[in-house]
Each structure stands twice: as structure tokens, then as C-alpha cells.
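[1] Structure for the following, please:
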Amino acid sequence: MNNRSFGLKIKDLGGGSPRVLVVDDDHLLNTIIRNALADKKVNVDQAEDGVQATLLLENNKYDLVLCDIVMPGVDGLKILHFVRERDPELPFIMVTSQSDMKSVLKAIRLGISDYITKPFDVQELGWRVEKALDRSRLLRMERNYKKNLEQMLVQQAEENRRLFFEAVESLVNTLEAKDVYTKGHSIRVTRYAMGFVKHIGLPFEEATNVQVAARLHDIGKISIDDAILNKQGKLTVEEYEEIKKHPETSCSILKPIIDDETLEIIMHHHERWDGNGYPGGLAGEKIPFGARVLCLADAFDAISSERSYKAALPFEESIAEIKSGSGAYFSPDLVYGFVESLRKNRKLYGFG
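    Sure, this is the predicted structure:
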């Protein structure tokens with residue numbers, strides 16, 4: 001084996017000098033490799049058996065592992081298997097003898113980056129190490145790029161969400177400017193709905209769908225004539241048919257910007273448990289869960305608020321109305337919990 005120093009041109013991997021683990025039970029060979037790499041500003045850790053190597057691998061991050069295949073106890077193949085379970089891409093050079101090619105084939109199947117046979121020229125080893133460290137540098141750059149890209153995508157998603165809700169607020173404000181009696185309706189409905197889903201521990205994604213639907217459920221009313229929206233007294237059959245179109249109109253407006261699950265909640269928030277609601281005449285559990293929640297929150301606000309055609313009912317009377325609608329208007333398995341959440345948050349909702 002030629003013990004000349006070799007002309008490595010190790011490129012900075014970012015975050016300091018490359019870190020290499022050399023594993024060999026031959027102390028002299030270990031020292032030769034360590035000295036050659038150290039001269040070129042490569043940080044080298046040494047292990048003279050497999051147990052020591054696995055401990056180092058568990059507690060440190062490396063850019064390259066250079067490992068003898070034949071060692072007592074934990075041999076090179078076991079170390080390679082240990083590495084691949086934790087990092088399928090970490091460059092790994094196997095050192096072997098000419099007579100041990102069967103083990104090399106096993107190592108290739110396990111995913112070594114390269115192998116070198118004993119006796120070897122140190123300069124050749126240096127070239128192999130440089131090649132492997134270049135690969136490690138590229139892998140690190142790729143990982144950092146993916147990490148940064150993921151962070152950028154998260155930030156962009158948050159910004160898109162912020163802009164979306166700003167647009168939502170603008171649409172809702174436009175609607176509520178048309179109907180003086182429903183000013184603040186969507187905010188109150190959202191509070192009641194979110195208070196309930198928090199009370200029952202609904203998963204975050206489903207709760208978010210309910211939140212967006214509650215805020216936007218009446219946006220389709222923006223297309224209804226002001227005279228109908230603000231009419232004092234009973235609506236005609238024709239006027240009521242116009243009102244009944246608003247869930248579908250809402251979904252038509254919102255389809256380009258919100259997901260199908262949220263649209264389903266908006267579309268069916270006027271369905272009744274007994275099947276006599278609109279627009280689909282759905283009954284029972286065929287009504288989406290979020291729509292059943294929104295139906296309760298929407299109805300409670302309508303009952304407890306003043307409208308052009310009626311006075312507001314007090315808190316307990318409004319609750320009594322909700323209870324009386326269980327099994328006809330409302331999902332009976334949700335009414336009790338909804339009433340519980342209303343009573344729990346009574347002061348927060350401004351009922352004293």
C-alpha cells in the first residue's frame with residue numbers, strides 16, 4: 001500500500017468541514033487514512049470495531065462512512081445494514097480484500113456507494129473519498145433545497161389563507177350591508193359552530209371546514225333582491241323559492257376557491273333530519289356532519305336574533321326551540337352537546 005499523501009480537493013459541504021467515520025480493526029490502516037484526510041481539512045472519527053462504530057453513528061451525523069468488511073463481531077455488512085436503516089442515502093465506501101467478492105456483492109445489494117480492495121494506493125482511496133464527498137455535498141444541497149422549499153410552500157399557503165379570509169370578509173361585509181337584520185349573523189354562527197366542534201373535539205381539518213362554511217354559508221344571498229331580504233312580514237311562495245336558491249348560489253360563487261368538503265357543508269346546511277329541508281331533501285346521516293352542525297348554529301342565531309319578520313327570543317327560550325326541533329329539524333345525537341356548548345359559553349356569546 002502506497003502511504004503517500006494525496007491531492008484531495010475537498011469542497012466545503014456547508015456548515016464546516018466534511019465529517020468522515022473510518023471503521024477498521026487494523027489500527028495502522030485507520031491511522032494512515034485519518035492522517036491523510038486530516039491534512040485536507042476533513043474531520044475524521046475512528047472506530048476499531050463494529051460496536052464502537054454503531055455508537056458513533058447513533059450520536060453523530062456523517063458525510064461519509066469508510067468501513068472494512070471483515071471485522072470480528074459486528075462486521076462491515078452489519079454496520080452497512082445499520083446505516084441504511086437510518087439513512088438510505090449516506091455515502092458508504094466498503095474496504096475489502098480480493099478474496100472476499102461474495103461479501104462485496106451482498107454490500108452492493110445493501111446499497112454501498114463504492115468499494116476498494118486491499119492493498120490499495122492511498123491516492124486512489126483519496127479519489128474515491130473525494131467522489132463520495134461530492135455526492136454527499138450534492139445530497140445535502142438537495143435536502144436543504146427541499147427543506148427550504150417546504151418552508152416556502154408553508155409560508156405561501158399561510159399567505160394565501162390570509163388573503164382568502166380577507167376576501168371572505170369583504171364578501172360577507174357586502175352581503176350584510178344589503179340585509180340590516182343579519183348584520184353580524186355569520187360571525188355569530190361561526191362562534192356557535194366552533195364552540196360546539198371544540199366541545200366535541202372535532203379534528204382540526206374538519207373543524208376548519210366548518211369554520212369556513214359558517215363564515216360563508218349565506219354568501220349566495222348577495223344575488224337576492226334587497227326587497228326580499230328586508231321584507232317585513234311573510235314571504236310569498238315565489239319569494240321563498242328565491243331564498244331557497246342561496247345554498248347553490250353560494251357554492252357556485254365559492255367553488256373556485258374552497259374545497260369540496262366545505263362546499264358540501266354550505267350546500268346542505270338547510271337540510272332537515274326528517275328529509276323536509278332543501279336543496280337536496282337529504283335525511284338523517286345522509287346529511288354531511290358539518291352541515292348538521294351548521295344547521296344548528298344557523299338556526300340558533302335566527303331564533304335568538306331580531307329579524308325583519310320577528311323579534312328575538314331570550315336565551316333559554318331559544319334553547320327550548322332547538323330542543324323541540326330534535327329529530328325533525330336537527331340531528332338528535334348533536335342537539336344535547338350543542339346545547340351544552342351554548343350554556344358553557346353563554347357569557348362569551350353575550351347572553352349574560
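
[2] What residue spans form the domains of this structure?
    Following automatic domain parsing, one finds the domains of the chain at 19-147, 179-344.

[3] The ones you listed: which one's closest to Leu171?
    Closest approach to Leu171 among the domains of the chain is made by domain 179-344 (5.5 Å; CB to CB). C-betas here are computed from N, CA, C, even on glycine.

[4] Remind me what the strand or helix carrying Leu66 packs against, helices and strands.
    Element membership of Leu66, judged by DSSP states H and E, is strand 64-68. With contacts taken as 3 or more CB pairs under 8 Å, 6 or more residues apart in numbering; DSSP states H and E, strand 64-68 sits against strand 19-23, helix 76-86, strand 92-97, helix 122-178.

[5] Out of the ones you listed, the one nearest Gly275 is which?
    Among the helices and strands packed on strand 64-68, the nearest to Gly275 by CB to CB is helix 122-178 (28.7 Å).

[6] For that closest one, what is the distance to the chain centroid?
    The chain centroid and the centroid of helix 122-178 are separated by 13 Å under CA atoms, centre = their mean, to the nearest Å.

[7] quick one: Phe330 from Asn345, how far?
    Per CB to CB, to the nearest Å, Phe330 is found 18 Å from Asn345.

[8] Have a look at these two and say which one is more surrounded.
    Applying other CB atoms under 10 Å to Phe330 and Asn345 shows that Phe330 carries more neighbours, namely 23 against 18.

[9] Do I have it right that that one meets Ala299?
    Yes: the criterion here is CB atoms under 8 Å, and Phe330 meets it with Ala299 at 7.2 Å.

[10] got any residues that touch both of those two?
    With contacts defined as CB atoms under 8 Å, 6 or more residues apart in numbering, the residues shared by Phe330 and Ala299 are Ile322.

[11] Helix, strand or coil: sort out Asp25 for me.
    Look at Asp25: counting by DSSP: H, G, I helix; E, B strand; the rest coil, its state is coil.

[12] and the gap between it and Gln151?
    From Asp25 over to Gln151 (counting by CB to CB), the distance is 44 Å.

[13] More neighbours: those two, which one.
    Each of Asp25 and Gln151 has its neighbours counted (other CB under 10 Å); Asp25 has more, 16 against 10.

[14] contacting residues around that one?
    Listed by CB under 8 Å, 6+ apart, the contact set of Asp25 reads Glu48, Asp49, Asp68, Met71, Pro72.

[15] I'd like to know which of those residues are buried.
    Among the contacts of Asp25, those classed as buried by 16 or more other CB atoms under 10 Å are Glu48, Asp49, Asp68, Met71.

[16] okay, now the nearest residue to the third one once chain neighbours are set aside: neighbour count?
    By that I understand Asp68. Closest residue to Asp68 apart from its sequence neighbours, by CB to CB, 6 or more residues apart in numbering: Asp24 at 4.2 Å. The number of residues packed near Asp24 is 24, by other CB under 10 Å.

[17] again with the one 5 residues further on
    Look at Leu29: counted by other CB under 10 Å, it has 17 neighbours.

[18] Next one, pLDDT for it please.
    At Leu29, the model reports a pLDDT of 77.

[19] Quick check: it vs Lys244, distance?
    Separation of Leu29 from Lys244 (CB to CB) stands at 85 Å.

[20] which residue packs closest to Ser252, ignoring adjacent ones?
    Among residues not flanking Ser252 along the chain, Gly220 sits closest, at 7.5 Å (CB to CB, 6+ apart).

[21] List phi and psi for the one you found.
    Gly220 has phi and psi values of phi -70, psi -20 when expressed as degrees, to the nearest 10.

[22] thinking again about what came up before, now the helices and strands packed on strand 64-68 in TSV, with distance to Tyr115 and mean pLDDT?
    TSV is the format used below for the helices and strands packed on strand 64-68 (distance: least, CB to CB, whole Å; pLDDT from 0 to 100):
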stretch	distance to Tyr115	mean pLDDT
strand 19-23	14	87
helix 76-86	10	86
strand 92-97	4	80
helix 122-178	9	77
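
[23] Give me whichever of the ones you listed is most buried.
    strand 19-23 (a mean of 24; mean count of other CB atoms under 10 Å).

[24] Report the angle between that one and strand 64-68.
    10 degrees (axes from the mean of the first three to the mean of the last three CA atoms, to 10 degrees).

[25] Can you tell me the strand partners of strand 19-23 and which way each runs?
    On the basis of DSSP bridges, the sheet neighbours of strand 19-23 come out as strand 43-47 (parallel), strand 64-68 (parallel).

[26] Could you list the residues in contact with it?
    Residues from elsewhere that reach strand 19-23 (CB under 8 Å, 6+ apart): 30, 33-34, 37, 42-48, 50, 53, 56-57, 60-68, 71, 76, 79, 129, 133.

[27] Then stretch 67-77?
    21-26, 29, 49-51, 53-54, 79-80, 92-97, 100, 103-104, 106-107, 110.

[28] Apply 7 Å and report the result again.
    Stretch 67-77 is contacted from outside by 23-25, 49-51, 54, 79-80, 92, 94-96, 100, 103, 106-107, 110, using CB atoms under 7 Å, 6 or more residues apart in numbering.

[29] again with stretch 327-343
    Contact with stretch 327-343 is made by 192, 195-196, 199-200, 272-274, 292-293, 295-296, 299-300, 319, 322-323, 326, as judged by CB under 7 Å, 6+ apart.

[30] Now the buried members of the residues you listed.
    Buried members of the contacts of stretch 327-343, counted by 16+ other CB under 10 Å: 192, 195-196, 272-273, 292-293, 295-296, 299-300, 319, 322, 326.
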